[in-house]
Every structure is written in C-alpha cells, then in structure tokens.
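[1] Any chance you could fold what I've pasted below:
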Amino acid sequence: MRQTILAAALIGCTIPAMADTIIQQRNADGGIDTISIKGDWARMQSKGETGYQLWNLKTGEMNVVDPDDRTIMVFDLRAKDTKGRKHPIEARITKTGKGPKIAGYGTTKYRLEAGHKNCGTEFISATAAKSKEIRKLVQNFAALSSLDELLPGPMAAMARGMQDPCELAATSLGEQLPNLGMPLKHVDASGRTEMEVTRIDPHAKLDGELFRLPADYKRTTVEEMMGNAMKEMQQMMQQMPPESQQLLQQLFQKPPQ
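    Below you'll find the predicted structure:
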C-alpha cells in the first residue's frame, strides 16, 4: 500500500497538469472577442455570435464554422509559400519606447506606418509571448496575411486595391510579430483604440468539445466558393450590355494602389 501511494505521489510530481489559455480583447465597437487555446487548437469567437473559427496552430488550417448554415469553410493558410512575397505597400514598424502594462503584461510601444502614412501605435508584449500557447498563436499570425492570395488573381488584386493602406500595413505586420511578441493594443492615428486585450488567463481549463469540428456540417474550401462565385459572375456579365462588361473587366484588372 505504501509503495502504491509513493508511486502515485511521484507520478503526480513528475507529470504537470496541462493548462489552457484564454485571451479576451475589446474591439473598437466595445464588443468582446475571445481566443481560447488548447494544445494545437485555437478557437476565436465574438460575444453574441454563433459562428466561430477553429484554427489548427500546427498545420495552419483555419475552419470558419457557421452553425446557422451548418457549414465549415476551410482555409489552408500554410498551402501558400509566403517566403519572398512582395507586399502591395511598404509597411514599417518602429520602436518608440516603453509602453504601459496591459492585462498584467509589460509592453513596448511601436509606431506603424504605411509608406509615409501614420497608421497608429502598437503595444506589443514580449513577455506574454513567452507562454508556449501564446507563442504558437503569434507564430501563426503571419499566415493570416496570405488570405488574399487564396483568391483568384484578379479578385485578389481587386481586394487589395480596395483596402486602406493601413489595413495592408497591419496585415503585413504579422510576419514580424514572432520577433516582437504578442500585440495587446492598437491605437489608430486619431487616438482611437481599435483593439485592446483585457484579460489573459494562462491557467484555464477548457472543455475539449470546444475544439471539435462538427462532423455533420458541410465542408467547403475558399477555392470552391470562389469558383462558384466566378461562374455566377460570368453568367451575370453575359447578360450585361457590352459597355458594362468592359467596365467590370477593367475593375478586375486594376492593380492595387
């Protein structure tokens, strides 16, 4: 009996309990977004919304789950080779000093610029990114900047052309984050807080069911969705007058600014 108790005690000492992580952030509209991390999975959901995203931090696959339509849109973010990718705008992030403590973590203050345009201030915490779970999340942020490349060429160019330069700069920032840390707050050039992390709990206990993809939902890919959308658009264009068809073609071929 004593040996059994001793063995159990030793096992308890040598195998630490696996903790999960919860990150909550407030957006510009006052809404609360929650990122829950368990192992290689992250779940992102906004308060009051039924839909959510399940992100496999090991493979880079993101699943956008829509319970209302019972569908799962699959984005394979690692399928694109992002090395050497040219961004449509020159983005710079410059260290400007020490920032305040946010959600209990010290931060460094950075200025974000797109070309010669001031895009606001980023408060980034290297300390928060020392957490294994948060570090995996940050290392995957770069993949999000390749989302537009999943679109067909003309549609990707049009999407980039419609984006504000600062939005493009913030997207390309993802590639630099693994060397900087976890972004905890973003303030735009006018002084408005666009995002601020309000809580980080690195000792959470989360139900594994939160990270299980519904087996009975219809799965589709962005390529399939865009292919169907292009077919519908082509059919619609064929019914338009020639001058309208020419205008749309020019719009699709317009290079990003």
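[2] And the helices in the stretch 1-150 of the chain, which stretches?
    2-14, 132-144 (DSSP state H, counting those that start in this stretch).
[3] Least confident of those helices, on average?
    Taking the mean pLDDT of each of those, the lowest value is held by helix 2-14, a mean of 41.
[4] Output the longest strand belonging to this protein.
    Of all segments of type strand in the chain, defined using DSSP state E, the longest is strand 193-204.
[5] Stretch 118-129: which residues count as buried?
    For stretch 118-129, the neighbour count (16 or more other C-beta atoms under 10 Å) marks 119-125, 128-129 as buried. (Each C-beta comes from the backbone N, C-alpha and C, glycine too.)
[6] mean confidence for it?
    Across stretch 118-129, the per-residue pLDDT values average to 95.
[7] ok, back up a step: let's see the longest strand of the chain as PDB, backbone CA atoms only.
    Coordinates of each C-alpha in strand 193-204 appear next as PDB, following Å, rounded to 0.1, in the frame of the first residue of the first chain:
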ATOM      1  CA  THR A 193      -8.400  52.300 -29.500                       C
ATOM      2  CA  GLU A 194      -9.200  49.700 -32.200                       C
ATOM      3  CA  MET A 195      -8.200  46.700 -30.100                       C
ATOM      4  CA  GLU A 196      -7.100  46.100 -26.500                       C
ATOM      5  CA  VAL A 197      -6.500  42.800 -24.700                       C
ATOM      6  CA  THR A 198      -8.300  43.000 -21.400                       C
ATOM      7  CA  ARG A 199      -7.600  39.500 -19.900                       C
ATOM      8  CA  ILE A 200      -5.100  36.700 -20.300                       C
ATOM      9  CA  ASP A 201      -5.600  33.500 -18.300                       C
ATOM     10  CA  PRO A 202      -2.700  31.100 -18.800                       C
ATOM     11  CA  HIS A 203      -4.100  28.600 -16.300                       C
ATOM     12  CA  ALA A 204      -7.600  27.900 -17.800                       C
END
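[8] sorry, back to before: nearest to residue 61, of the buried residues of stretch 118-129?
    Proximity to residue 61 was ranked across the buried residues of stretch 118-129 by C-beta to C-beta; first place goes to residue 129, at 22.3 Å.
[9] can you tell me how far the closest one sits from residue 71?
    According to C-beta to C-beta, to the nearest Å, residue 129 and residue 71 sit 33 Å apart.
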